[in-house]
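Asks: Quick check, what structure comes out for this input:
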Amino acid sequence: MRDTEKTTKQVLIEARQIISKPENWTKYRRSSVTVGGIEVEPSSHLAKCFCAVGAIQKVKNYGTSEAYESKEVKKLDFALKKLLNYNNRVFMYNDHFETTHEDILKVFDMAIEAEK
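Replies: Numbers count the residues shown, from 1 in each chain. The predicted model follows:
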């Protein structure tokens, strides 16, 4: 299935899978070679760690601006507002010093569950 044919739910599931292990999730950059390491584009074969937006960008091969405004990221934003009454974007929550890997996975789970 081509990326353009994936449903929002499929993209969210695949992005969640990419960051399902703590060693594949990062903060303060969309993607990197190691956690907190050298930043690379999510599309790079060197990318091993991703933030929430970077994982979606990897699945859909979005450009940076396109990723932040994508329907998948907006679904995460909505889930975050519903889950925690958090009024900022998911990328800000991902990078917050108190946010854990488990917290981000919960946001993905809620967004996935909300999709039909």
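
Asks: Backbone dihedrals for the residue positioned nearest the centre of the chain, please?
Replies: Among the residues of the chain, the one closest to the centroid is residue 52, at 1.9 Å (C-alpha atoms, centre = their mean). With angles defined as degrees, to the nearest 10, residue 52 sits at phi -60, psi -50.

Asks: Next, the contact list for it, please.
Replies: 15, 19, 73, 76, 90, 91, 93, 94, 104, 107, 108 (C-beta atoms under 8 Å, 6 or more residues apart in numbering). C-betas here are computed from N, CA, C, even on glycine.

Asks: if I look at it, how far off is residue 101?
Replies: 11 Å (C-beta to C-beta, to the nearest Å).

Asks: out of the contacts of residue 52, which is most surrounded?
Replies: Greatest neighbour count in the contacts of residue 52, by other C-beta atoms under 10 Å, goes to residue 90: 28 neighbours.

Asks: Is that residue in contact with residue 73, as I believe?
Replies: Yes. Using C-beta atoms under 8 Å, residue 90 makes contact with residue 73 at a distance of 6.2 Å.

Asks: Return every residue with contacts to both of these two.
Replies: Common contacts of residue 90 and residue 73 (C-beta under 8 Å, 6+ apart): 52, 53.

Asks: Where does the prediction get shaky in this structure?
Replies: 1-4 (pLDDT under 70).

Asks: hey, where'd the helices end up in it?
Replies: Under the criterion DSSP state H, the chain carries helices at the ranges 8-18, 52-60, 64-68, 71-84, 90-95, 101-114.

Asks: Show me how far the first one is from its chain's centre.
Replies: Taking the mean C-alpha point of helix 8-18 and that of its whole chain, the gap between them comes to 9 Å (C-alpha atoms, centre = their mean, to the nearest Å).

Asks: Then the shortest one?
Replies: How far helix 64-68 lies from its chain's middle: 12 Å, per C-alpha atoms, centre = their mean.

Asks: Give me the residues contacting it.
Replies: Contacting residues not belonging to helix 64-68 are listed as 30, 42, 53, 54, 56, 57, 60, 73, 89, 91 [C-beta under 8 Å, 6+ apart].
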